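Asks: got a predicted model here, sequence first, then my questions.
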Amino acid sequence: MPREDRYNSREFLAFIGASVLEDKKTVFVGTGFPIIASMLAQKTHAPKLVVVFEAGGLGPLLPELPVSVGESRTFHKAIAASSMHDAMSLSQAGYIDFGFLGAAQMDMFGNINTTVIGEHDLPKSRLPGSGGANDVASFAQRLIIIIAKQSKRTFVSKLDFLTTPGFLDGPNAREKAGLPKGTGPYRVITQLGIYGFDERTKRLKLISLHPGVGVDEVMENSQFEIMLPDKIETSPEPTDEELRILRQEIDPVGIVLGK
Amino acid sequence: MPREDRYNSREFLAFIGASVLEDKKTVFVGTGFPIIASMLAQKTHAPKLVVVFEAGGLGPLLPELPVSVGESRTFHKAIAASSMHDAMSLSQAGYIDFGFLGAAQMDMFGNINTTVIGEHDLPKSRLPGSGGANDVASFAQRLIIIIAKQSKRTFVSKLDFLTTPGFLDGPNAREKAGLPKGTGPYRVITQLGIYGFDERTKRLKLISLHPGVGVDEVMENSQFEIMLPDKIETSPEPTDEELRILRQEIDPVGIVLGK
Amino acid sequence: MEVLKEGKGELLGWHDPDEARDWVLKNKSRELKDKTMSAKEAVSRFVRDGDFIASGGFGHIRVSMAIVYEIIRQKKRNLAMAGKTAVHDLDILVGAGCVNRAEVAYSFGHELRGLSPASRRMVESGQCKVVAETSNAGYQWRFLAAMMGIPFIPSRNLLGTDTGSYSSCKVVKDPFSGKPINLIPAAYPDVAFIHVHRCDIYGNAQIDAILVEDFELSRCARRLIITTEEISDNEVIRREPWKTAIPFLVVDAVVEVPYGSHPCEMPGMYYYDEDHIAEWLSLSKTQEGVDTYLSKFVFGVDSFDDYLELCGGIRKLNYLKRREFLREPMVAPWRK
Amino acid sequence: MEVLKEGKGELLGWHDPDEARDWVLKNKSRELKDKTMSAKEAVSRFVRDGDFIASGGFGHIRVSMAIVYEIIRQKKRNLAMAGKTAVHDLDILVGAGCVNRAEVAYSFGHELRGLSPASRRMVESGQCKVVAETSNAGYQWRFLAAMMGIPFIPSRNLLGTDTGSYSSCKVVKDPFSGKPINLIPAAYPDVAFIHVHRCDIYGNAQIDAILVEDFELSRCARRLIITTEEISDNEVIRREPWKTAIPFLVVDAVVEVPYGSHPCEMPGMYYYDEDHIAEWLSLSKTQEGVDTYLSKFVFGVDSFDDYLELCGGIRKLNYLKRREFLREPMVAPWRK
């Protein structure tokens, strides 16, 4: 686990999310962590990162954390405030570099479930469904997935429902299904580490461990086997200034990051 | 021929065009006569006629004759000024009562040619093509066609090119081709008379002769046989007030109506 | 057209394009006439038991709550609802027993505020059925197809997933590229209700800022109820016709309801009433709580003005305006 | 997907959606950077011989004449052009020998002003080929499909006609209704040029009043040159983001050209210069006349400002403004 004396696990996740984003690119964000990570990235290394919201907000100067991806903050001093048709069409046409989503359940190919736990027709637990997630994961060039609590319940061998496409059942499956060429999951971020996907097998592969986390902890908290690289990196840590921005400027109430 | 002492043939045509339109309906207009006829209808018996322009103008208060169906007059004090996508979609979805078009050549099923005289690939005479005509004739519930000069050159047995659909080759042909059900040509207006279409055969059928015009004149000025009704009506004539409106308010320069 | 795959979701609100046109021809007036009426009249005239309904806006933004409450008040039943990032509206309508079927893009959640106790309980106990799954773009393009009067829109989402398998889409081989392509069927809701910033008596409506999918939804719904912050003169509309998002042709009723989106946001006017939403989220943890909420805020009031008084009156409304313009700090009373 | 009928028109500007995405990924910058440049630079960088080009606006309305003249000046050759109610722009580009292929919805005419002598002469003598026919909605939806990144849009026009047979559409059986449906293929022009009311240095552009089909065209063109009446500060754009018709993401060049639509109309600013159009229509009756026109108004001037002086200078521009606002009577100098 990261050093709890300086920051909590959620603050760390937001920081890691930001660190994966690049300047002068577009990012299509889901609610919560993805927005916070994008805001932090804009305030640090990626001031020209353009944030796209599915309801029509494009490139706002976000004045505070939006609670919804459709509210007025999402087009505050924006470049454009248009429509879902516009946002989704630009995405499908290839104008989105990064998609950024939270997830409830994921498998080793980066497929996501946010629909049901249990049977579809009479579920044990009904979740909200795709929202824009299936769209973002289908259209964005590179998909980033954030799962706040990696565990055997969230990293599963078989999803109860495949809401949102990762690499489906492996190499070439996306293209065979008709999804846009060259797209797919790019990074997965949890409280334990940062993951990518193996080029050949399209399976989840560790990139770096967060400070203080061991490989065994990563393995124990997954139903499926996680591939390991030759050399495991250590994830970077946030500076005091980054923590200050998160706590004071982005989420002062602790809605996403906690208190 | 109508009585040339009170009005010329083009003024009469504009008046007849107006008389065919109904109040509280929508009309999708092409350039020229259709606009003038709609303006006259609005200023007389159809003040709530809503005029739709393909480039996005909906329900303007037309301050003068637009030279183009996309210029600023077409959305002057309009109800909406949107886009071609909007205008064409509303039309395809069934919101247009009347389509109103001019034509260069027509056959007995109300099919229109405005593309070429002669061969397509090396034409004797190249005309502008469909423009929005194919769309209006496909989508409008009832199509009105105006042909300023009926003759053996304009009422032809076989079109050089079928630009815009009338009843194609007869009963049920539109539906078989996939065009919207129940649509098709409704009235044809020339300098000689007003025509409709026979319910059973979908062939052109005379409704009324303009004052002073004989049946023989109608027949002589057509390559195909025109069906005759049991009783031939006489077309109405414009009042002095209607002529004043046409000459002073709508087309003072005589762009369409001449001098 | 060879179908490679076919979703098993219910094909909600689809009509043959010719039938859809025929309905428009027979039922939608082209006359510029006064369509103002009360919410009560609009709902009783245009919402029937069993209808497929859709609400405008997005999430808790620009929602016609005045119509939502009136549907509950009139005890409409067996409604199917478009779960097109439908959040508070769908939650409360399911909780109240009005809606028992949904096609879901995003439902049963309140975004950052957490999941929806009331509607999830109904789904998990089988009292509300999810008849089809889709995505936000899926719904957007269902409405686009219907607005255009065409049977479907091709797309490259929903492919390869259970969301697609539980949708009403069909996958075919594209005759241009030879690749598989998803076909999203048109959706014509029986009734939609959309809250706007201003509208004239005929139904020409302006929406400030993002349209979300209301451009398409307004044009494809068989019946459309507009609620508006204010009735504007037709001359106001004609002065800036490029601001008209919804033309009168597609509108059936115009209802003037100031603050009619409360407790949801109205962009540029007032922000969410988080206290009220938190109260709903807390009460709705039990069916008794749902009943308490409804008898107080829906059945217990005679008008939307009375309801606003109950929610905190002018003091609250002025606060929500300051909050919209960032002159009050963030709050999150629904946080545990 | 069984094809019932197939148009024999050339499939101009269609790309497999994956290739189209790949092009975007490699060639369209997502960076907010200064894209201002001269018309000369924009044309020399982005218009290549043989390209498929498209012009914004409609007919004689909101046309980027500055770019049209520059294309002639740089003697671009073998261009194909979208005849999407392309009127003065197409006529003069065909007359000048730059465009020798067109897909035609409406071309070779000047609406009420009559037919186009120059371009008709080129078509009737085989020097300009009409490679496909379509309709205005046909083009609109070609652009819509491309903007959406999908291979085609279904439609119910063009069916049963020679326009359809000479188009690049395919007719298939709709798997939902079982009826024949037309599939209109996407069109991605190599370059489009669109004239707007205001635009910032990054390419965020506002268009007042009707958009015609420029919302779609701007988003599907591989290269997009914006000419603008004025460069606005980015803050002006961000103050009213709902007015942005074209976002910077799709823009490659921003060229400031006041009165850049002359002799065409700029809605809300200046009306057609009918005298100038009449001069073109009269001169272009012969090829010698075309050459006279071009050497005077295109090759004979160093800048758009000089061209405007030649056309009547400030006095003329002030008149066109009064005419736009209905403070001068109609004229029709091209009437015989």
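Replies: It's in. Numbering: from 1, shown residues only, chains lettered A, B, ... in the order given.

Asks: for chain A, which segments count as strands?
Replies: A:26-29, A:50-52, A:57-58, A:80-81, A:98-102, A:105-106, A:112-113, A:116-118, A:123-126, A:142-147, A:185-190, A:193-197, A:204-209, A:233-234 (DSSP state E).

Asks: give the buried residues for stretch A:225-244.
Replies: Neighbour counts over stretch A:225-244 (16 or more other Cβ atoms under 10 Å in any protein chain shown) mark A:Ile226, A:Ser235, A:Glu237, A:Pro238, A:Glu242, A:Leu243 as buried. Yep, even glycine has a C-beta here, placed from its N, CA and C like the rest.

Asks: quickly name whichever of those residues is closest to D:Phe215.
Replies: Of all those, A:Glu242 has the smallest distance to D:Phe215: 39.4 Å, by Cβ to Cβ.

Asks: just the buried residues of stretch A:225-244: which are in helices?
Replies: Those of these mapping onto helices are A:Glu242, A:Leu243, per DSSP state H.

Asks: just the pLDDT for the residue nearest the centre of chain A.
Replies: By Cα atoms, centre = their mean, chain A has its centre lying nearest to A:Ile145, at 2.9 Å. With respect to pLDDT, A:Ile145 scores 98.

Asks: got it, and the one 3 residues further on?
Replies: At A:Ala148, the model reports a pLDDT of 94.

Asks: secondary structure class for the residue nearest to A:Tyr95 when sequence neighbours are not counted?
Replies: Residue nearest to A:Tyr95 in three dimensions, not counting chain neighbours: D:Leu249, with 5.4 Å by Cβ to Cβ, 6 or more residues apart in numbering or on different chains. Classification of D:Leu249 using DSSP: H, G, I helix; E, B strand; the rest coil returns helix.

Asks: on that earlier part again, name the nearest residue to the residue nearest to the centre of chain A, sequence neighbours excluded.
Replies: Going by Cβ to Cβ, 6+ apart, A:Ile145 has A:Val188 as its nearest residue, at 4.7 Å.

Asks: what's near enough to touch that neighbour?
Replies: Neighbour list for A:Val188: A:Met106, A:Gly110, A:Ile144, A:Ile145, A:Ile146, A:Ile147, A:Ile194, A:Tyr195, A:Gly196, A:Leu204 [criterion: Cβ atoms under 8 Å, 6 or more residues apart in numbering or on different chains].

Asks: repeat for A:Arg174
Replies: Applying Cβ under 8 Å, 6+ apart, the residues contacting A:Arg174 are A:Pro165, A:Phe167, A:Leu168, A:Pro180, A:Thr183, A:Gly184, C:Gly160.

Asks: including neighbour count and distance to chain B, could these go into JSON lines?
Replies: Below are these laid out as JSON lines (neighbours: other Cβ atoms under 10 Å in any protein chain shown; distance: Cβ to the nearest Cβ, whole Å):
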{"residue": "A:Pro165", "neighbour count": "30", "distance to chain B": "30"}
{"residue": "A:Phe167", "neighbour count": "25", "distance to chain B": "36"}
{"residue": "A:Leu168", "neighbour count": "23", "distance to chain B": "34"}
{"residue": "A:Pro180", "neighbour count": "25", "distance to chain B": "24"}
{"residue": "A:Thr183", "neighbour count": "24", "distance to chain B": "27"}
{"residue": "A:Gly184", "neighbour count": "24", "distance to chain B": "32"}
{"residue": "C:Gly160", "neighbour count": "28", "distance to chain B": "30"}
